[in-house]
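Colleague: A predicted structure for the sequence below; I have some questions about it.
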Amino acid sequence: MNKEILRLAIPNIASNVSVPMLSAVDLMLMGHLSTEKHLGAVAIGGIIFNMIYWGFGFLRMSSTGMTAQAYGAGNSERCLSILKVALMFAFISSILLVVFFPIVAEISFRLIEASSEVEKLAKVYLRICIFAAPATLALHAFHGWFLGLQNAQYPMILAITVNSLNIVLNMLFVKVFQMKSDGVALGTACAQYFGLFLAIILFLYRYRKLLRNAPSLMTLDLPLLSQFSIISRDIFIRTFCLVSSHAFFTSKSALIGDTVLAANAILLQFITFVAYAVDGFAFATESLVGKYKGALDYINLKLAVKCAFVWAYIFGCFFSLTFLIAGENIVRLFTNQEGIIAQAAPYMIWIVLAPIINIAPYIWDGVFLGATAARIMRNAMVFSTLCIFIPSYYIFIPYGNHGLWLSLTLLNIARGVSLFLLAPKHVFKRN
């Protein structure tokens, strides 16, 4: 089982780590400009951009769990039908996003409080990024579908290619063409469309045979469509709560001041990097739990979960130790502004603790997604957000930025504990 976990996890780790590396390069490019306004604009624009696109993460998550279960049951026709449904959702959602983006942006900036100059720059960033919606959402669907088929190599190829190209384009636009936050956005949009083209090529290269005996591409399995919609709805609500919590965190950082916003944006990169790295094991767990659930093999399902937790905690301890020893030096990679560096230093303790604390919710999310127990995961997230995170903020905000970080930490503790308590009944028990 360890070999199976690592076979899926290592490519996922490689692909996932490329995502925060891209974000880190963006912040480094902005952090070395003459003003912190552009760094704040990318931070604010990024959180809104993520709030929009992470909200549509159900396209990947629903696809992985459902496809893995169909794969475990040996139903290749259902596998293809799931991809068709996911791409249909991606296309319709992207059109709606582009059409209603002005309204979404206006609401977002009312919720996230920032200085007028930062907000102005962030709006330009977002106007460019939104036109990548069709490619970005379709890539979510392809990623999830490939993972459901136990193929971690293709998502790795896509993620590394897209994010590497994005980094190159961002550096080109910012360093050569003297663009600023708008250059970062343009690089993102171009890279996403190249990624979609590559995903289609990879699909045709390996899975074209699925099209031969498949029903017409225009036909849809209505019961499957209904199941996908229900699972996606629950995942959307769960993800909305998670992203809203991070948006709330960023908003309250901005309310304290632009320097705190910039410092917290950099510190969040540490957590994001760990999340994407450890999510390699969560994605592997998602694929294996789905496969074994589809095959009704609950012995290997439990073993896969145990092995994933062991490997994830090994990684978590490594990251905690690294941040403890080299935290300040890593911050200096992001910016040369001493005010931001000094502002970040007192809060490194939260970054050192985060890898250990956050392992549980990351892996349990993968378990519940693979089991398509989205409703239970949704309920746990809503509880953690409304009953733990929000009250914690108002209780501990007198302690300033430390109170803000404590509330975010308690959110992740609540997520991990609640899912742990719910797993025996909703994952490990035969329906």
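Modeller: Alright, I've got the coordinates.

Colleague: count of neighbours near the residue nearest to residue 4 when sequence neighbours are not counted?
Modeller: With sequence-adjacent residues excluded and distances taken as C-beta to C-beta, 6 or more residues apart in numbering, residue 4 is closest to residue 288, at 6.6 Å. For glycine as for every other residue, the C-beta is placed from the backbone atoms N, C-alpha and C. Other residues within reach of residue 288, judged by other C-beta atoms under 10 Å, total 30.

Colleague: and residue 288, what element?
Modeller: helix 258-294 (DSSP states H and E).

Colleague: surely residue 383 meets residue 414?
Modeller: Yes - between residue 383 and residue 414 there is a contact under C-beta atoms under 8 Å: 7.2 Å.

Colleague: and these two? Which one has more around it.
Modeller: For residue 383 versus residue 414, the count of surrounding residues by other C-beta under 10 Å is larger for residue 414: 20 against 15.

Colleague: where does the more buried one fall, phi/psi-wise?
Modeller: phi -60, psi -40 (degrees, to the nearest 10).

Colleague: do you know the pLDDT at it?
Modeller: We have a pLDDT of 95 for residue 414.

Colleague: from now on call the first residue 3
Modeller: Okay, using 3 as the starting number, the last item reads as residue 416.

Colleague: now do it against residue 360, distance only.
Modeller: The spacing between residue 416 and residue 360, counted by C-beta to C-beta, to the nearest Å, is 12 Å.

Colleague: do the same with residue 204
Modeller: 31 Å.

Colleague: ok, residue 302 next?
Modeller: 26 Å.

Colleague: next one: residue 141
Modeller: 25 Å.

Colleague: mind listing the helices for the stretch 203-352 of the chain?
Modeller: Listed in chain order, the helices of the stretch 203-352 of the chain (DSSP state H, counting those that start in this stretch) span 211-214, 224-258, 260-296, 300-336, 340-346, 350-372.

Colleague: for residue 153, give me phi and psi.
Modeller: On the backbone of residue 153 - angles per degrees, to the nearest 10 - the values are phi -110, psi 100.

Colleague: contacts only, for it.
Modeller: residue 208 (C-beta atoms under 8 Å, 6 or more residues apart in numbering).

Colleague: now it: how far from residue 311?
Modeller: On the measure of C-beta to C-beta, residue 153 and residue 311 end up 23 Å apart.

Colleague: mind telling me what element the residue minimising distance to the centre of the chain is part of?
Modeller: Centrality entry for the chain: nearest residue to the mean C-alpha point is residue 56, 6.0 Å, by C-alpha atoms, centre = their mean. Element membership for residue 56, per DSSP H and E: helix 39-57.

Colleague: from the contact counts, what lies against the helix or strand following that helix?
Modeller: Sequence-wise, the next helix or strand downstream of helix 39-57 (DSSP H and E) is helix 60-74. Applying 3 or more C-beta pairs under 8 Å, 6 or more residues apart in numbering; DSSP states H and E, we find helix 60-74 packed against helix 78-113, helix 135-150, helix 224-258, helix 260-296, helix 350-372, helix 376-385.

Colleague: residue ranges with poor pLDDT in the stretch 103-252 of the chain?
Modeller: 113-121, 180, 182-183, 215-221 (pLDDT under 70).

Colleague: burial measure for the residue nearest to residue 56 when sequence neighbours are not counted, as a count.
Modeller: Nearest residue to residue 56, sequence neighbours excluded (C-beta to C-beta, 6+ apart): residue 245, at 4.7 Å. Neighbour count for residue 245, taken as other C-beta under 10 Å: 19.

Colleague: could you measure from residue 245 over to residue 69?
Modeller: Counting by C-beta to C-beta, the separation of residue 245 from residue 69 is 24 Å.

Colleague: residue 361 too?
Modeller: On the measure of C-beta to C-beta, residue 361 and residue 69 end up 26 Å apart.

Colleague: show me which of residue 302 and residue 360 is the more surrounded one.
Modeller: Using other C-beta under 10 Å as the criterion, residue 302 and residue 360 rank with residue 360 on top: 24 against 15.

Colleague: isn't the more buried one right up against residue 273?
Modeller: Yes - if you go by C-beta under 8 Å, residue 360 and residue 273 touch, sitting 7.1 Å apart.

Colleague: intersection of neighbour lists for the two?
Modeller: Going by C-beta under 8 Å, 6+ apart, no residue sits against residue 360 while also sitting against residue 273.

Colleague: re the thing from before, tell me which of the helices of the stretch 203-352 of the chain lies nearest to residue 409.
Modeller: Among the helices of the stretch 203-352 of the chain, the nearest to residue 409 by C-beta to C-beta is helix 224-258 (7.9 Å).

Colleague: buried ones in that closest one?
Modeller: Across helix 224-258, burial judged by 16 or more other C-beta atoms under 10 Å covers 226-227, 229-230, 233-234, 236-256, 258.

Colleague: thinking again about what came up before, for the residue nearest to residue 6, give me the pLDDT.
Modeller: In this prediction, residue 290 has a pLDDT value of 90.

Colleague: contacting residues for it?
Modeller: Residue 290 neighbours (C-beta under 8 Å, 6+ apart): 6, 7, 10, 70, 302, 303, 306, 310, 372.

Colleague: could I get these as a markdown table with distance to residue 421?
Modeller: Below are these laid out as a markdown table (distance: C-beta to C-beta, whole Å):
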| residue | distance to residue 421 |
| --- | --- |
| 6 | 22 |
| 7 | 19 |
| 10 | 21 |
| 70 | 19 |
| 302 | 20 |
| 303 | 15 |
| 306 | 16 |
| 310 | 13 |
| 372 | 13 |
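
Colleague: in CSV: the residues you listed, plus distance to residue 191 and pLDDT.
Modeller: As requested, those are exported to CSV (distance: C-beta to C-beta, whole Å; pLDDT from 0 to 100):
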residue, distance to residue 191, pLDDT
6, 37, 79
7, 35, 79
10, 30, 80
70, 31, 91
302, 42, 87
303, 40, 90
306, 38, 90
310, 35, 91
372, 32, 87
